[in-house]
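**Q** below: sequence and its predicted model.
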Amino acid sequence: MSRRLSSFTGTVPAELDVTFSNLNVSAGTGENSKTILQNVSGYASPGTLLALMGATGSGKTTMLSVLSNRLDSGTTLNSPSKVRYGEYMFSKSLKRFIGFVEQDDVVIDSLTVRQSLTYTARLRMGGNYTEQEKKDRVEDVLKQLRMEKCAETRVGSAMARGVSGGERKRLAIGNEILTRPRVLFLDEPTSGLDSTTAHLVVQCLKELSIRDRVTVVSSIHQPSSQIFHEFDRLCFLHDGQPVYFGESKQAALDFFSDLGFTCPQHYNPPDYFMEVAVTGKLEGETMRTKLNSALSDTMLKDDRATEIDGRISISGHNQVPLELKQSQSARYASSFASQIKVLASRTAVKVLREKMTIEGFVLIIGLSLIAGLLWLNLGSESPDVFARTGLALWITGTWMFFPLINALGVFIQDRVVLRKELYVGAYRLSAYYMTRVVTLLPFEMLYAWLFVTSLYLMALLKDGSFEQYILLIFATWLSMSAFYAVGFIIAAGVPDRHLQTAAILAITFFFAYSGFFKPFDDIAAWMRWTEHVNLLLYGYHLIMYILFHYGPDYTCVLGEDTQYDDECADGVITPQEALDFYDVTKSPALSIGVLLGGTLVLHYLAYRFLRLRTKLRDNLGTAEQNNPVNKAQITLPAGNMDDAQGVDRWSATEHSSMTKLSATIVDPDKSYIEIDIAEPMDRISHMESITQV
């Protein structure tokens, strides 16, 4: 009992096995419901490799998803499915100690191998380790996975050359084992690799399991004989049902041989097992009955399986294991401030390599050159008034379109890594979002400076001023930031397949209801509210104010038709007359306030949308809600919590007919323990020391 009480403090044992019983998974509802897994039971032990094998569609990936609590929303884990990690149910606190390597390697392409591991270590190893210890751990993992030679190579992608497929896979594994997880799940880690590289990957997993006593569970499609012999245990599935669970190698061969399927000499056992399954030799009620009987006999002979039977009820009611209880802060290895610091550094490196490219600079300079040549050497005569309004619209429209479009792919690029790191509790979503937004600000300012500087030298220098130049950079940056926020909210709130449609509609709305094409007084009264929410209009009015208020007076050209008859009555058009003529009614303070406020509101809404889309689903907890247990309280003598050690003796001697109890301390200051009892309350109501909760 003392060992169990110590687990209440949130301390996870150095080793965790994985036990599972009666796994039943279905997809769809009603008549469209389809069974994916049916009555699968077994275990995986520390220091061993468990292989999940089966033909395509056999359910091995789904089973791996169940064990790691990663089922998709379209599938349901049904009662009486149970999964335990040591004594614990799955919890948000426990997931930090469970690693998962996906089939598609989840790594950041723009980082080097060492950078990827270093940032992962800084995020997930937490404040209990010094920076030097984290660096040492990174070097240890590089050596363990034999990646020292490629440590300074960028990971790369399909578009940019980087590490090899095997190195990329080992990096994905390295990111998971940095924190020394108690359990490691892998989804087909050898997929897409040649046989030699695949064997190297599995060898690394084998060494890891033995050296660090990690429980390793891996789905694998059709391994070579070398790889097959690296695994300690095998769970073979067919059509979602268990065919074999037990030791691999000779024991598996003997099992199939007893069923009448003898593997030919010099034949790869996994190839033969797959051949038996794919050719339909395991089909039919008679064969299913035979398989169930043989599997039951195998499990009965397994002492470990018998032990599990007593813990998580493979065939009956037994104790409900404890859920690890920890504080909110304990869900994350690092503090919020540390998360911000590390994410800002990592995101800055990523964005720097993505944004600071020759192509990016060519685009910015090209846009400014096109505009500069079009408005070359703007003067101070009446025709230049209209030219300046066109320039203001060009600047505003350009820095509406590009930021909005560029922001659409932000979460698509990050989603896989984000989902993975949120799941393992590497950081809070708010820390990610804040750093993703803030790290863009310097690049936005750089782009605004480059664009405005080039344009200003060509078009506005003649009658300009330093004050106008600085304010124009600020206004351009402000407009750019606002439309990045518009792009963020579309990217966060709209499904990927509809992003382009939503972006085009947004751009069309901003232009259509800007007053450029039709005065607001001429549109329907119930649509005039659009004037007050159109960020493009506020940006346009702000830039118009800067161009005219800090510009010259305009001399009216005699003898030419002009639209400024009234303004030219005295031969000069003042900046204010020009602003009034074009109905620039938004004050600079209002425009700045709306652009800043709108940016903040849009980012907040985008964050909330992103939070909804990344909300994690607790499959295991949902499944066990269908199997509720009764709760009761045992009063302890004299309020001494040390007497809690008597609970096990009490249940065994005073009430031996009752099934086992699991005790949970409710409050150390109170004189009772809350227990879970897998029996109806009326069977224990006569006990004076028990009260129903």
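**A** Done, it's in.

**Q** okay, CA-based contacts and neighbour counts for the rest of this
**A** Will do.

**Q** nearest spatial neighbour of Pro26, skipping sequence neighbours?
**A** If you look again at residue 26, you'll see it is Ser, not Pro. Among residues not flanking Ser26 along the chain, Thr35 sits closest, at 4.3 Å (CA to CA, 6 or more residues apart in numbering).

**Q** isn't the one you found up against Gly28?
**A** No - between Thr35 and Gly28 there is no contact under CA atoms under 8 Å: 9.0 Å.

**Q** the more surrounded of the two?
**A** Per other CA atoms under 10 Å, whichever of Thr35 and Gly28 has more neighbours is Thr35, with 16 against 13.

**Q** now for the more buried one: which residues touch it?
**A** Asn24, Val25, Ser26, Ala27, Gly240 (CA atoms under 8 Å, 6 or more residues apart in numbering).

**Q** recalculate using a threshold of 10 Å.
**A** Counting by CA atoms under 10 Å, 6 or more residues apart in numbering, Thr35 touches Asn24, Val25, Ser26, Ala27, Gly28, Gly59, Thr75, Thr76, Asp239, Gly240, Gln241.

**Q** ok, Ser380 next?
**A** Lys462, Asp463, Gly551, Pro552, Asp553, Tyr554, Thr555, Cys556, Val572, Ile573.

**Q** let's have those in JSON lines, adding pLDDT.
**A** Below are these laid out as JSON lines (pLDDT from 0 to 100):
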{"residue": "Lys462", "pLDDT": "86"}
{"residue": "Asp463", "pLDDT": "86"}
{"residue": "Gly551", "pLDDT": "88"}
{"residue": "Pro552", "pLDDT": "89"}
{"residue": "Asp553", "pLDDT": "89"}
{"residue": "Tyr554", "pLDDT": "89"}
{"residue": "Thr555", "pLDDT": "87"}
{"residue": "Cys556", "pLDDT": "87"}
{"residue": "Val572", "pLDDT": "89"}
{"residue": "Ile573", "pLDDT": "89"}
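
**Q** pretty sure Gly425 sits in a strand.
**A** No - according to DSSP: H, G, I helix; E, B strand; the rest coil, Gly425 belongs to no strand; its state is coil.

**Q** do I have it right that it meets Ser334?
**A** Yes - with contacts defined as CA atoms under 10 Å, Gly425 counts as touching Ser334 at a distance of 9.4 Å.

**Q** how distant is stretch 151-163 from the center of its chain?
**A** The chain centroid and the centroid of stretch 151-163 are separated by 22 Å, computed with CA atoms, centre = their mean, to the nearest Å.

**Q** now that stretch: buried residues?
**A** Ala151, Thr153, Arg154, Val155, Gly156, Gly162, Val163 (16 or more other CA atoms under 10 Å).

**Q** of all pairs in the contacts of Thr35, which one is the farthest apart?
**A** Gly28 and Gln241 (18.4 Å; CA to CA).

**Q** next one: Met26 from Arg497, what distance?
**A** Let me fix one detail, which is that residue 26 is Ser and not Met. 27 Å (CA to CA, to the nearest Å).

**Q** quick revisit: now do the shared contacts for Gly425 and Ser334.
**A** Common neighbours of Gly425 and Ser334 (CA under 10 Å, 6+ apart) are Leu123, Arg124.

**Q** can you pull the contacts of the residue nearest the centre of the chain?
**A** Nearest to the geometric centre of the chain sits Arg419, at 1.0 Å (CA atoms, centre = their mean). Applying CA under 10 Å, 6+ apart, one finds that Arg419 lies in contact with Val106, Leu429, Arg613, Thr614, Lys615, Leu616.

**Q** surely the fifth one is in a strand?
**A** No - counting by three-state DSSP, Lys615 is not found in a strand; it is coil.

**Q** can you give me the strands in the stretch 1-150 of the chain?
**A** All strands of the stretch 1-150 of the chain, identified by DSSP state E, counting those that start in this stretch, fall at 18-27, 34-44, 49-54, 75-78, 82-85, 88-89, 98-101.

**Q** ditto for the stretch 251-400 of the chain
**A** 322-323.

**Q** where in it is pLDDT low?
**A** The model of the stretch 251-400 of the chain has pLDDT under 70 over residues 300-331.

**Q** again, only this time at 90
**A** 251-335, 349-361, 379-384 (pLDDT under 90).

**Q** assign a three-state SS to Tyr244, would you?
**A** Applying three-state DSSP: Tyr244 is strand.

**Q** what about the closest residue to it other than its chain neighbours, neighbour count?
**A** Nearest in space to Tyr244, with sequence neighbours left out and distances taken as CA to CA, 6+ apart, is Phe236 at 5.1 Å. Per other CA under 10 Å, the neighbour tally for Phe236 reads 26.

**Q** for Phe236, give me the pLDDT.
**A** Looking at Phe236, its pLDDT is 88.

**Q** over to Phe474?
**A** 95.

**Q** how far away is it from Phe386?
**A** Relative to Phe386, and taking CA to CA, Phe474 is found at 23 Å.

**Q** out of those two, which sits in the busier spot?
**A** Under the criterion of other CA under 10 Å, the comparison of Phe474 against Phe386 puts Phe474 first, with 18 against 13.

**Q** please identify the helix or strand for that one.
**A** Using DSSP states H and E, the element containing Phe474 is helix 466-493.

**Q** buried residues, that helix. List them.
**A** Those would be 468-469, 471-493, for helix 466-493 by 16+ other CA under 10 Å.

**Q** same check, this time on stretch 397-411
**A** Quick answer for stretch 397-411 (16+ other CA under 10 Å): Gly397, Trp399, Met400, Phe401, Pro403, Leu404, Ile405, Ala407, Leu408, Gly409, Phe411.

**Q** list the contacts for the residue lying closest to the second one once chain neighbours are set aside?
**A** The spatially closest residue to Trp399, leaving aside those adjacent along the chain, is Met480, at 5.2 Å (CA to CA, 6+ apart). Met480 makes contact with 395-404, 441, 444-445, 447-448, 474, 486, 539, 595, 599 under the criterion CA under 10 Å, 6+ apart.

**Q** please enumerate the helices of the stretch 451-600 of the chain.
**A** 466-493, 499-512, 530-533, 535-549, 575-581, 588-613 (DSSP state H, counting those that start in this stretch).

**Q** among those helices, which comes closest to Ser68?
**A** helix 588-613 (19.8 Å).

**Q** the closest one versus helix 535-549: what angle between them?
**A** Orientation check (axes from the mean of the first three to the mean of the last three CA atoms, to 10 degrees): helix 588-613 against helix 535-549 gives 150 degrees.

**Q** pull out the buried residues from helix 588-613.
**A** Within helix 588-613, judged by 16+ other CA under 10 Å, the buried ones are 588, 591-592, 594-595, 598-599, 602-611.

**Q** any idea how far that helix is from the middle of the chain?
**A** 23 Å.

**Q** got it, and stretch 357-369?
**A** 33 Å.

**Q** go on, stretch 430-445?
**A** On CA atoms, centre = their mean, the centre of stretch 430-445 falls 18 Å from the chain's centre.
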